[in-house]
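1. need a structure here:
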Amino acid sequence: MSWFKRAKEGITTKTEEKKETPDGLWNKCPSCKKVLHNSEQIENKYVCHHCGYHIRIGSKEYFEVLFDDNQFEELFSNLTSGDPLNFVDSKKYTDRIIETMAKTGLKDAIRAGHGKIEGQDLVIACMDFDFIGGSMGSVVGEKIARSIDYSLKNKIPFLMISKSGGARMMEAAFSLMQMAKTSAKLALLAEAKIPYVSLLTDPTTGGVTASYAMLGDINISEPGAMIGFAGPRVIKETIKKDLPKGFQSAEFVLEHGFLDFIVDRRQMKAKIASFLRMVTKK
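-> Down below sits the predicted model:
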């Protein structure tokens, strides 16, 4: 009967003494489905060490990967979205902004910072997909424009990390205007002969692809990233043809001449630093 009841007293563990596994200690690779320890992910730059899949990350992680010792000065951190159209769908746009800010800890879908990469000054603007799908609104365009102005004033190279579902519909034409605004600012950067590196990550779509994401002095991407304008389903229904295998993947885009090269995130910092040394002759 001792199989079915405790033979000794005092060996039970009280509920308050039980230790639970901390949240976020383990994750599963979206590609190969193997379990990944959080510390291993950080050490491996958020790349699965089983299959090489590049896990989606945000500005916080990209700054950790690229800036020397994660030391940087955040730029224009006080900018937040307005509601110029008084947009209401299932809820007010202003309410959605407040909820997303509370959930993500971000002010909008982009952060910018100035720091060093292998000892060289660099301004980085990085998009965050967690903030309304990384959609491009007025704040995204304004932060990019101000970051470019900062680069121009201080003669510092500029890196744009794109990760977006496209224009933010709640701002309509105000959102679409950011395409022209950022492209015009990048023309000034080119005129001043200050290097601009565009890094396209998974996914880069819509108006972002149609503007600043494809205007780099070099356009680079991570392996397997989705890059395109409209979605595959929309394109297929429009042209009434099956799409080729791997359509809109970084590898497909590279093969057709829209990227300069694809680089593993674990070598990203060294590659960008090497390019900057080459073009600035430092």
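2. longest helix of this protein?
-> Of all the segments of type helix in the chain, defined by DSSP state H, the longest one is helix 172-191.
3. what helices and strands are in contact with that one?
-> Here helix 172-191 touches helix 138-154, strand 196-204, helix 206-209, going by 3 or more CB pairs under 8 Å, 6 or more residues apart in numbering; DSSP states H and E. Placement of C-beta: from N, CA and C, glycine included.
4. run the last query once more with 7 Å
-> Here helix 172-191 touches helix 138-154, going by 3 or more CB pairs under 7 Å, 6 or more residues apart in numbering; DSSP states H and E.
5. tell me which stretches of the protein form strands.
-> In chain order, the chain shows strands spanning 26-28, 35-37, 72-75, 110-117, 120-127, 158-164, 196-204, 218-221, 261-262, with DSSP state E as the criterion.
6. please identify the most buried of these.
-> strand 158-164 (a mean of 26; mean count of other CB atoms under 10 Å).
7. each with direction, which strands does that one pair with?
-> Sheet pairing of strand 158-164 (DSSP bridges) gives strand 120-127 (parallel), strand 196-204 (parallel).
8. the last one vs helix 138-154, what angle?
-> Going back to what we said before, that points to strand 196-204. Our comparison of strand 196-204 with helix 138-154, counting by axes from the mean of the first three to the mean of the last three CA atoms, to 10 degrees, yields an angle of 160 degrees.
9. how far does strand 196-204 sit from its chain's centre?
-> When C-alpha coordinates are averaged (CA atoms, centre = their mean, to the nearest Å), strand 196-204 and its chain have centres 8 Å apart.
10. which residues touch it?
-> 54, 56, 157-165, 186, 189, 213-222, 224-227, 272, 275 (CB atoms under 7 Å, 6 or more residues apart in numbering).
11. measure how far the lowest-mean-pLDDT helix or strand in the chain is from the centre of its chain, please.
-> Averaged element by element with mean pLDDT, DSSP states H and E, the chain has its least confident helix or strand at strand 26-28 (a mean of 84). For strand 26-28, the distance from its own C-alpha centre to the chain's C-alpha centre is 20 Å (CA atoms, centre = their mean).
12. ok, and what's touching it?
-> Applying CB under 7 Å, 6+ apart, the external contacts of strand 26-28 come out as 35-38, 41.
13. stretch 225-244 too?
-> Contacts of stretch 225-244 from elsewhere in the structure, counted by CB under 7 Å, 6+ apart, are 200-206, 209-210, 221, 247-250, 253.
14. hmm, try it at 10 Å
-> With CB atoms under 10 Å, 6 or more residues apart in numbering as the contact definition, stretch 225-244 has outside contacts at 54, 56, 162-163, 165-166, 199-210, 213-214, 219, 221, 247-254, 258-259, 262.
15. stretch 42-57: end-to-end distance?
-> Stretch 42-57 has its terminal residues 11 Å apart, counting by CA to CA, to the nearest Å.
16. show me how far it is from its chain's centre.
-> 14 Å.
17. before we move on, what about stretch 142-152?
-> Here the centre of mass of C-alpha atoms in stretch 142-152, compared against the chain's by CA atoms, centre = their mean, lies 18 Å away.
18. same thing with stretch 109-129?
-> On the basis of CA atoms, centre = their mean, stretch 109-129 is displaced by 11 Å from the centre of the chain it belongs to.
19. pull the CA atoms of it into PDB?
-> Extracted C-alpha coordinates of stretch 109-129, given in PDB (Å, rounded to 0.1, in the frame of the first residue of the first chain):
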ATOM      1  CA  ALA A 109       7.700  51.500 -34.500                       C
ATOM      2  CA  ILE A 110      11.200  52.800 -34.600                       C
ATOM      3  CA  ARG A 111      14.100  53.700 -32.400                       C
ATOM      4  CA  ALA A 112      17.300  55.600 -33.300                       C
ATOM      5  CA  GLY A 113      20.700  55.800 -31.600                       C
ATOM      6  CA  HIS A 114      24.200  57.000 -32.100                       C
ATOM      7  CA  GLY A 115      27.100  54.900 -31.000                       C
ATOM      8  CA  LYS A 116      30.200  53.100 -32.200                       C
ATOM      9  CA  ILE A 117      30.700  49.900 -34.300                       C
ATOM     10  CA  GLU A 118      34.200  48.500 -34.000                       C
ATOM     11  CA  GLY A 119      35.300  52.000 -32.900                       C
ATOM     12  CA  GLN A 120      33.600  53.800 -35.800                       C
ATOM     13  CA  ASP A 121      30.700  56.300 -35.300                       C
ATOM     14  CA  LEU A 122      27.400  55.200 -36.600                       C
ATOM     15  CA  VAL A 123      23.800  56.300 -36.500                       C
ATOM     16  CA  ILE A 124      21.300  53.400 -36.500                       C
ATOM     17  CA  ALA A 125      17.500  53.700 -37.000                       C
ATOM     18  CA  CYS A 126      15.800  50.400 -36.300                       C
ATOM     19  CA  MET A 127      12.200  49.400 -36.800                       C
ATOM     20  CA  ASP A 128      10.200  47.300 -34.300                       C
ATOM     21  CA  PHE A 129       7.600  44.900 -35.800                       C
END
